[in-house]
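# A structural model of the following input is requested.
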Amino acid sequence: MTETETESAAGAGRPSLLRHRDFMLLWSGQTISEAGSMITPFALPFLAVTALNASNFQVGLLTALGSLAFLLVALPAGVVVDRVARHRLMMWCDVLRAAVVATVPVAWYLGSLTLTQLCAVALVTGSLTVFFDVAYQSYVPVLVDKDALIDANGKLGTTGAAAATLGPTVAGVLVAAIGGARALAADALSFLVSAASLFLIRTPEPKPARPDGPRPPFRKQMGEGLGFVVRHPVLRRIVACTGTVNLFSHMASAMEMPFLVRELGLSAGQAGLLLALGPVGGVLGGLLASRLARTIGSARIIWLAPLLLGLPSYLAPLAYPGWRVVLYGIGWFAFTFGAIVYNTAQVTYRQQICPPELLGRMNAAVRWIVWGTIPLGALLGGALATWLGLRPTLWIGLVGASLGGLWVLFSPLRGLRDVAPEPAAATAG
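So this is what the prediction gives:
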């Protein structure tokens, strides 16, 4: 390993990102886009049920198609992101997502809307989102200095958590007020706003690295991203940690609605209010991630966040009817707080240690692995709840998620306070 300790005050005195024109354009455009994107997961199933009388299986299929794209196209997306200008690719993804989503209100107005179209919209927009997200994580290091990355990622994480907090409520109100099809037009508009904000960014982007001689085959370049992740002594443990957290946390979260309704006896409105506490913890985690990394250490926080910051999440299975229902909300508040702090730190680490010409493929490989555990976790949660019961499943899920930090604790990061970019990453290209 070539990580070295840095001064805890590193980065002190640098200009605030709030005065960084191009970062603010990226952040503001993504904020609007993510808020709008909360509409589609709500409105598409709503239209399927109310306008097309879809069966439960058809609604489940429609919901699954959006996330299925991460397993289908994440690895190829990484190669494409490393071959083309990321800034331009993100703009095209926004424009195409706007066009695809806009076909739904148009078809509804013409009376030709079908379930097949809704499924196609879910799959295509999900695939475009994969390309955008991989390029997005790989583009942030182009805009900001390395010592500002953790602050930038914290702000972007806050945006995602805030959208998750307010998005479903706003989507529900909007769909109730103007209908599902018209609400999707608002989502299409949000993508265009994001594209416009990207268009206004003026920071020059380095040209994609081209090898001497013939370009390596596409499949070989996909393997290079996976190979970098697997061979790196810290990165492979971070991926194992994230995959473990996703696996166990989704075992628990998949059973949250049955637990709230059957064990705690809550109505839909009460359950919604209680669940809103979770994303609020994520917003707070995003706001404090940079400060915690400076105070505790950018290396230490990667394993401390899952192991210690999430410990209050154990309050969730202790919830019972009556005043103790609030323990469930507090538990998920703590879990999402620790998760956002961890995610901000590990994404920043990945951006720092990866050579620029591999960023897209590295991010795609990581996402392909760690998102692949999510559906497995949900299936295991359902099986365990059937066998052991809802409350034991919550315990297994939350304890297992926090213990995921052991992967990073027993890694070369242990003993370091802070991490610095590796020489190979700093000089590549």
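# what residues are up against Leu18?
For Leu18, the contact set (CB atoms under 8 Å, 6 or more residues apart in numbering) comprises Met24. For every residue, glycine as well, the C-beta is placed using N, CA and C.
# any idea how far it lies from Ser402?
Distance from Leu18 to Ser402, counting by CB to CB, to the nearest Å: 33 Å.
# cool, and Ile369?
For Ile369, the distance to Ser402 - CB to CB - is 20 Å.
# Settle it for me: which of those two has more neighbours?
Remark: of Ile369 and Ser402, Ser402 carries more neighbours, 24 against 20, as counted by other CB atoms under 10 Å.
# wait, isn't that one in contact with Ser313?
Yes. Using CB atoms under 8 Å, Ser402 is in contact with Ser313, at 6.9 Å.
# Hmm, Gly180 is touching Ala43, no?
Yes. Counting by CB under 8 Å, Ala43 is a contact partner of Gly180 at 4.2 Å.
# where are the low-confidence patches of the stretch 301-429 of the chain?
Residues of the stretch 301-429 of the chain meeting the criterion pLDDT under 70: 420-429.
# now the helices for it?
326-353, 359-387, 390-403, 406-409, 423-427 (DSSP state H, counting those that start in this stretch).
# Please apply the same query to the stretch 101-250 of the chain.
Under DSSP H, counting those that start in this stretch, the stretch 101-250 of the chain gives helices at 115-143, 149-178, 180-199, 218-231, 235-253.
# Check those for me: which has the lowest mean pLDDT.
Lowest mean pLDDT within those: helix 149-178, a mean of 71.
# residues of the helix or strand Ala289 falls within that come out buried?
Using DSSP states H and E, Ala289 sits in helix 277-296. Residues 277-290, 292-294, 296 are the ones in helix 277-296 that count as buried (16 or more other CB atoms under 10 Å).
# Then stretch 387-400?
By 16+ other CB under 10 Å, the buried positions in stretch 387-400 come out as Leu390, Arg391, Thr393, Leu394, Trp395, Ile396, Gly397, Leu398, Gly400.
# Excluding sequence neighbours, find me the nearest residue to Leu277.
Excluding its sequence neighbours, the residue lying closest to Leu277 (CB to CB, 6 or more residues apart in numbering) is Gly329, at 3.6 Å.
# quick one on the thing from earlier: out of the buried residues of stretch 387-400, who's nearest Pro216?
Gly400 (39.0 Å; CB to CB).
# Next, format the buried residues of stretch 387-400 as TSV and append distance to Arg236.
Output for these, formatted as TSV (distance: CB to CB, whole Å):
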residue	distance to Arg236
Leu390	34
Arg391	34
Thr393	29
Leu394	29
Trp395	28
Ile396	25
Gly397	24
Leu398	25
Gly400	19
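# Counting neighbours, what do you get for Thr50?
For Thr50, using other CB under 10 Å, the count is 12.
# With Gln270 instead?
Around Gln270 there are 14 residues (other CB under 10 Å).
# tell me, what residue is most central in this protein?
Gly160 (7.5 Å; CA atoms, centre = their mean).
# how near is the closest residue to that residue other than its chain neighbours to Leu123?
Using CB to CB, 6+ apart and skipping residues adjacent in sequence, the residue nearest Gly160 is Glu34, 6.0 Å away. Distance check for Glu34 against Leu123: by CB to CB, it reads 20 Å.
# Then Ala177?
28 Å.
# Neighbour count for the two, which is higher?
Neighbours per residue (other CB under 10 Å) separate Ala177 from Leu123, with Leu123 holding more: 19 against 9.
# For the more buried one, list the residues it contacts.
Contacts of Leu123 by CB under 8 Å, 6+ apart are Leu65, Gly66, Leu68, Ala69.
# Need those in a markdown table (columns: secondary structure, neighbour count and distance to Thr242).
Output for the contacts of Leu123, formatted as a markdown table (DSSP: H, G, I helix; E, B strand; the rest coil; neighbours: other CB atoms under 10 Å; distance: CB to CB, whole Å):
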| residue | secondary structure | neighbour count | distance to Thr242 |
| --- | --- | --- | --- |
| Leu65 | helix | 21 | 24 |
| Gly66 | helix | 20 | 20 |
| Leu68 | helix | 16 | 20 |
| Ala69 | helix | 20 | 19 |
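# min pLDDT across those residues, which one?
By pLDDT, Gly66 ranks lowest within the contacts of Leu123, coming in at 70.
# Confirm for me that it is in contact with Ala122.
Yes. Counting by CB under 8 Å, Ala122 is a contact partner of Gly66 at 4.7 Å.
# Correct me if wrong: Val280 contacts Trp332.
No. Between Val280 and Trp332 there is no contact, the gap being 9.5 Å when judged by CB under 8 Å.
# ok now stretch 65-73, how far from the chain's centre?
Centroid separation between stretch 65-73 and its chain, computed with CA atoms, centre = their mean, to the nearest Å, is 14 Å.
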